[in-house]
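> can't give you the sequence, but here's the structure:
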């Protein structure tokens, strides 16, 4: 997009924003909603940003926003009329500041390819073959861009699993995967039915769940047999957390490595209670975010300071001590786990005889390699994650908590909601189950989730 901008649009290329919060805060003020929507609330900012992102990747304009929200099965937590006003003001703020967001990059690139024949022909000549992973999570604007890139050609390979479509709230839809052979009738379909992660017992339960939603390909496990997933019921949340942490404490004392254990939950709020209890017990943990590690603002800011320091001369100070000094201001609040992981990586590298020269520049080269490979540093601690954040990951032992009606499926997905909402909640449960390699422990409080019965784990 940047390359063709002067030719197609002219003028200065807009700046790509690194975070939406400041723009949304200004949009709230301009919309006259500062008294009702607090721009200081990080959770509120995330909710509004998510809704704007959904609208843009779904190609919904501010004018059509309220009408399209009415059609949605999952409603936003913020009033739709207010969201539409903020969305309108947000677009105005961006235009005034000559800034664009990532969704604009997709929209502008697609429009450029569709409307400018010379640009389209040049790009299509340069890129012949296309391979797309996680195709079940494609959004309408992404498919539009793919269509523009591809043109009339059929040189495309996609990989996807309709059983793992869990991002409809972000505009993702499996419709493009499910209709792929309609658009490409000559396409060869290869069904991957062998499971290499989980035991047959875990796989059997996950397959049973799949059958209730007609959700996708059942798997055949190649691993050795293990134990059947366990289900424990508790009277309330506190009792559930205490029971789960008692089991984890016993595992750690018996020699299980902390990084082999994960606690998964439907929502972030569930994990807050777990965090409090783990802090009291002194159990090591980190919270896994849905945001890619190296895209986190705190991580980006920290590495920016490291790069700045790496070009300055230092005498008598080891590189790792210098790194610790740089890290100090960042070791607060929600930044602690990310920066701690980067420091842990530094200690491992410093102890590695093959890591040479031992400098900040060498450390940054290691970081760049990890960015390219999407290989974030890890800590020897228990992982806490929502089901969305856990997608694509795996652990030896998984504790899936809150498997109760009203929580999983979530309250908004129970009463008066469509089958589509329940299906997505079921897919979330499936994703959670299939993160476990050896042991899967599921717990609930009071009314157990219908998904436990569907998986054959409760009668």
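All right, it came through fine. These numbers were taken from a predicted model, which means no experiment stands behind them.
> which neighbours does the longest strand along the chain have in its sheet, and in what orientation?
In the chain, assigned by DSSP state E, the strand with the most residues is strand 436-445. Strands that pair with strand 436-445, judged by DSSP bridges, come out as strand 230-234 (parallel), strand 395-400 (parallel).
> Enumerate the positions of the first one that are buried.
The reference is to strand 230-234. Neighbour counts over strand 230-234 (16 or more other Cβ atoms under 10 Å) mark 231-234 as buried. C-beta here means a position set from N, CA and C on the backbone, and glycine is covered the same way.
> mean confidence for it?
The average pLDDT within strand 230-234 is 98.
> what do you get for stretch 391-405?
96.
> In the protein, which residue is most central in space?
What sits nearest the mean C-alpha location of the chain, by Cα atoms, centre = their mean, is residue 290, with 3.2 Å.
> Setting aside sequence neighbours, what's the nearest residue to that residue?
residue 389 (4.5 Å; Cβ to Cβ, 6 or more residues apart in numbering).
> isn't there a helix covering that neighbour?
Yes - membership of residue 389 in a helix is supported by DSSP: H, G, I helix; E, B strand; the rest coil.
> show me what contacts it?
Listed by Cβ atoms under 8 Å, 6 or more residues apart in numbering, the contact partners of residue 389 are 288-290.
> I'd say the residue nearest to the centre of the chain and residue 388 touch.
Yes - using Cβ atoms under 8 Å, residue 290 is in contact with residue 388, at 5.2 Å.
> C-terminal to the longest strand of the chain, what's the next element?
helix 450-454 (DSSP states H and E).
> Which elements pack onto that next one?
helix 200-213, helix 419-433 (3 or more Cβ pairs under 8 Å, 6 or more residues apart in numbering; DSSP states H and E).
> between those, which gets nearest to residue 56?
Closest approach to residue 56 among the helices and strands packed on helix 450-454 is made by helix 419-433 (20.8 Å; Cβ to Cβ).
> sorry, back to before: in CSV, list the strands paired with strand 436-445 along with distance to residue 260.
Converted to CSV, those look like this (distance: least, Cβ to Cβ, whole Å):
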stretch, distance to residue 260
strand 230-234, 17
strand 395-400, 4
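> Minimum distance to residue 11: which of these has it?
Nearest of those to residue 11, taken as Cβ to Cβ: strand 395-400 at 50.2 Å.
> Which helix or strand in the chain has the lowest average pLDDT?
helix 5-8 (a mean of 86; mean pLDDT, DSSP states H and E).
> who's in contact with that helix?
Counting by Cβ under 8 Å, 6+ apart, 13, 112, 116, 119 sit against helix 5-8.
> Mind telling me the two of the residues you listed farthest from one another?
Greatest spatial distance among the contacts of helix 5-8 (Cβ to Cβ): 13 and 116, at 16.0 Å.
> which SS state does residue 113 fall under?
Taken by three-state DSSP, the conformation at residue 113 corresponds to helix.
> wait, it sits on residue 123?
Yes - with contact defined as Cβ under 8 Å, residue 113 reaches residue 123; the gap is 6.2 Å.
> neighbour-wise, which of these two wins?
Neighbour count, other Cβ atoms under 10 Å: between residue 113 and residue 123, residue 113 has more, with 23 against 18.
> If we ignore the residues flanking it in sequence, what's nearest that one?
residue 148 (3.7 Å).
> you'd agree the one you found is up against residue 120?
Yes - look at residue 148 against residue 120 with Cβ under 8 Å: they come within range, at 6.8 Å.
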